[in-house]
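Participant: Okay, sequence plus prediction incoming.
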Amino acid sequence: MEQPLFAAMDQILAFWPYVVTLLIVLFSLLATGHAVLSKRDTRAAIGWVGVIWLAPILGVLLYVWLGINRIERRARSLRTERPRPDSSSGLGECPAEVPDQAGMLAGTPLEPLVKLVRDVTRRPLLAGNRVTPLVSGDQAYPAMLQAIDEAARSITLTTYIFDHDPAGQRFQDALRRAMSRHVEVRVLIDNVGTHHRWRPIPRWLRRAGIPCAQFLPTLIPWRFQYSNLRSHRKILVVDGRIGFTGGMNIDERTCLERRPRHPVQDLHFRVTGPVVAQFQETFVDDWAFCTGELLQGQPWFSTVEPDGPVLARGIPGGPDDDFETLRLTLLGAIACARSSVLVVTPYFLPDASLIAALNVAALRGVQVDIVLPAESDLALVQWASTALLWQVLERGCRVWLSPPPFDHTKLMLVDELWTLLGSANWDPRSLRLNFEFDVECYDRELATSLSDLVRSKIQQSRPLSMAEMDGRSLPIRLRDGVARLFSPYL
């Protein structure tokens with residue numbers, strides 16, 4: 001009995017190497033097929049195929065772990081699993097684009113940009129808006145709090161950081177007063193952003209009776225600054241008529257007149273006119289995604305009359321249905337530029353296509369100015385950014401380093417006619433991994449005033465030169481180069 005059993009085991013063991021080899025080849029073929037079909041970058045596809053076949057088993061495991069983009073897939077699956085508003089059932093969808101509105105730009109170099117952004121966002125460009133810049137929390141917070149105190153029907157607020165500090169307390173008190181006047185209030189805060197300080201504010205808002213939800217709760221450590229699928233949007237809408245957006249969180253550090261320990265410069269905007277409906281649509285979609293509650297019709301939406309000269313369009317960005325809308329908008333705007341491109345951003349980690357677009361614009365004779373903080377609040381991001389700045393400097397782009405306090409402003413201007421404002425940074429996290437909200441504006445007066453603001457920043461900044469980049473010591477260059485390897489995740 002034992003001899004036939006051992007003989008059978010020997011036969012199985014003899015075939016086992018062939019079975020393992022067959023499985024390795026099968027999994028390698030599957031991984032190779034996935035890489036060939038899904039990787040947009042040819043070099044990335046070639047690199048992964050090489051890893052898969054040159055390191056059997058390990059290469060497949062590495063590809064499954066690091067090579068598959070789960071961010072976009074997870075974002076899309078989450079969105080489809082949750083209820084979404086139905087604009088046909090009284091949502092209050094914003095008005096359609098009137099051809100004559102976009103026709104105001106006919107014959108200008110920016111005319112193709114109107115079509116490009118309309119096609120990638122599926123949103124109309126709307127006339128009759130007024131956009132007012134608000135510098136720092138000293139201007140922005142009083143305007144926002146006044147709007148909240150004057151609210152008659154509804155308030156919706158979404159932000160990345162809502163600190164439980166004096167600034168946050170002022171907003172909490174104003175929202176509580178609005179609730180006491182029977183104003184409908186909804187507050188949405190990103191879960192990672194709620195832990196920006198050691199006293200998360202959502203529980204205090206709920207104790208005050210203010211409806212509050214958190215965007216995608218996570219078990220990630222509370223100080224983890226590089227988490228994906230975060231809502232980085234900053235939107236406040238009052239009575240469906242007045243909107244605020246930009247780069248500013250609710251954080252006492254932006255109130256420079258109060259002399260905080262770690263001051264932060266920033267820029268926000270008060271917006272009135274039909275485009276505010278697009279602000280509200282974005283909030284309503286996020287709120288339904290997080291809570292299942294559909295905010296439709298009154299009191300959330302109202303008919304908004306034209307209030308100013310600005311053509312404007314909201315641009316939501318994220319790894320779901322709005323994947324790469326912001327990146328495509330940036331590429332289109334740079335391609336249309338004829339005289340100037342001004343970029344102000346706290347984090348500058350553009351991909352190869354954006355670097356190429358900036359360089360081509362500079363070689364065409366467009367003056368490209370990029371304003372970055374001399375001292376970032378995220379050291380790893382600054383090291384990675386420094387490692388790639390030579391790529392724009394060598395083609396004629398100008399880089400300016402603004403002095404402290406840290407500048408959190410997010411702004412892009414083209415030809416002193418087109419403005420992009422909002423929450424997005426020039427980094428992979430904003431352009432591919434997180435949910436953002438920006439607004440494009442066509443108005444020469446607005447763009448000129450903001451260009452003057454940027455040029456005043458430039459006057460206080462120092463230029464970065466190729467000689468300075470080349471003069472970095474070898475350890476510093478190695479540090480920056482290693483940090484750059486992580487730039488897709490920063």
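Facilitator: On my side now, so go ahead. Numbers count the residues shown, from 1 in each chain.

Participant: Next, Pro373: phi, psi?
Facilitator: Backbone dihedrals for Pro373, given as degrees, to the nearest 10, come out at phi -70, psi 140.

Participant: same question, Ala174
Facilitator: When quoted as degrees, to the nearest 10, the phi and psi of Ala174 stand at phi -70, psi -40.

Participant: per-domain residue ranges of this structure.
Facilitator: Structural domains assigned to the chain are 2-68, 125-310, 325-489, following automatic domain parsing.

Participant: Quick one: mean pLDDT over the second one.
Facilitator: By that I understand domain 125-310. Per-residue confidence for domain 125-310 averages out to 89 on the pLDDT scale.

Participant: Endpoint to endpoint, it covers what distance?
Facilitator: The first and final residues of domain 125-310 sit 10 Å from each other (Cα to Cα, to the nearest Å).

Participant: The domains of the chain into CSV, with extra columns for mean neighbour count and distance to Gly107?
Facilitator: Just so you know, the C-beta spots here come from the backbone N, C-alpha and C atoms, and that holds for glycine as well. Formatted as CSV, the entries for those read as follows, by neighbours: other Cβ atoms under 10 Å; distance: least, Cβ to Cβ, whole Å:
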stretch, mean neighbour count, distance to Gly107
domain 2-68, 13, 35
domain 125-310, 20, 16
domain 325-489, 19, 13
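
Participant: Let's have the ones you listed in CSV, adding distance to Lys115.
Facilitator: As requested, the domains of the chain are exported to CSV (distance: least, Cβ to Cβ, whole Å):
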stretch, distance to Lys115
domain 2-68, 23
domain 125-310, 10
domain 325-489, 9
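
Participant: looking at those domains, which is closest to Glu111?
Facilitator: Each of the domains of the chain has some distance to Glu111 by Cβ to Cβ; the shortest is domain 325-489, at 8.3 Å.

Participant: give me phi/psi at Leu413?
Facilitator: The phi and psi values for Leu413, taken as degrees, to the nearest 10, are phi -130, psi 140.

Participant: ah, wrong one, I meant Leu311
Facilitator: In this entry, Leu311 is assigned phi and psi values of phi -80, psi 130 (degrees, to the nearest 10).

Participant: Leaving out the residues flanking it, which one is nearest to it?
Facilitator: Tyr442 (4.0 Å; Cβ to Cβ, 6 or more residues apart in numbering).

Participant: check contacts around the one you found.
Facilitator: Residues counted as contacts of Tyr442 (Cβ atoms under 8 Å, 6 or more residues apart in numbering) are 104-105, 110, 114, 125, 310-312, 417-419.

Participant: Which ones among those residues lie within strands?
Facilitator: When DSSP state E is applied, the contacts of Tyr442 are split such that 310-312, 418-419 fall in strands.

Participant: Bridge partners for the nearest residue to Arg462 once chain neighbours are set aside, pull those for me.
Facilitator: With sequence-adjacent residues excluded and distances taken as Cβ to Cβ, 6+ apart, Arg462 is closest to Leu401, at 5.5 Å. With beta bridges defined as DSSP bridges, Leu401 has these partners: Leu372, Arg462.

Participant: sorry, back to before: of all the domains of the chain, which one is nearest Arg118?
Facilitator: Arg118 lies closest to domain 125-310 among those, at 6.4 Å (Cβ to Cβ).

Participant: Look up the pLDDT of Ala356 for me, please.
Facilitator: Note on Ala356: pLDDT of 96.

Participant: all helices of the stretch 201-350 of the chain, in order?
Facilitator: Remark: helices of the stretch 201-350 of the chain, listed N- to C-terminal, are 202-207, 276-291, 325-336; assignment by DSSP state H, counting those that start in this stretch.

Participant: and of those helices, who's closest to Gln460?
Facilitator: helix 325-336 (25.3 Å).

Participant: Next up, the contacts around the residue nearest to Arg462.
Facilitator: Contacts here follow Cβ under 8 Å, 6+ apart; on that basis Leu401 touches 372-374, 461-464.

Participant: what's the answer for Ala140, then?
Facilitator: Contacts for Ala140 were tallied using Cβ under 8 Å, 6+ apart; they are 134, 244, 246, 248, 254, 266, 268.

Participant: dump the residue contacts of the last one.
Facilitator: His268 makes contact with 133-134, 139-140, 144, 234, 244-248 under the criterion Cβ under 8 Å, 6+ apart.

Participant: now those residues as CSV including distance to Leu342?
Facilitator: Shown next, in CSV, are the contacts of His268 (distance: Cβ to Cβ, whole Å):
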residue, distance to Leu342
Pro133, 14
Leu134, 19
Gln139, 21
Ala140, 21
Met144, 26
Lys234, 21
Phe244, 23
Thr245, 19
Gly246, 16
Gly247, 15
Met248, 19
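
Participant: of those residues, closest to Asn359?
Facilitator: Compare each of the contacts of His268 with Asn359 using Cβ to Cβ and the shortest gap goes to Gly247, at 25.7 Å.

Participant: Make sure the closest one is actually in contact with Leu267.
Facilitator: Yes - here Gly247 lies in contact with Leu267, judged by Cβ atoms under 8 Å, at a distance of 6.1 Å.

Participant: which neighbours do those two share?
Facilitator: 409-410.

Participant: returning to that earlier point: the residue nearest to Leu311 bridge partners, please.
Facilitator: Legend: beta-bridge partners of Tyr442 under DSSP bridges are Leu311, Trp418.

Participant: coming back round to it: narrow the contacts of Ala140 to those in strands?
Facilitator: Those of those lying in strands (DSSP E): 134, 244, 246, 268.

Participant: close enough to count as contact, the first one and Thr254?
Facilitator: What that stands for is Leu134. No - when contacts are counted by Cβ under 8 Å, Leu134 is not listed as touching Thr254 (10.4 Å).

Participant: The residue nearest to Leu105 when sequence neighbours are not counted: neighbouring residues, count only.
Facilitator: Distance criterion Cβ to Cβ, 6+ apart; nearest residue to Leu105, sequence neighbours excluded, is Glu111 at 5.0 Å. If you count neighbours by other Cβ atoms under 10 Å, Glu111 ends up with 14.

Participant: Quick check: the gap between Glu111 and Gly332.
Facilitator: Using Cβ to Cβ, to the nearest Å, we find Glu111 at a distance of 11 Å from Gly332.

Participant: Many thanks, we can stop here.
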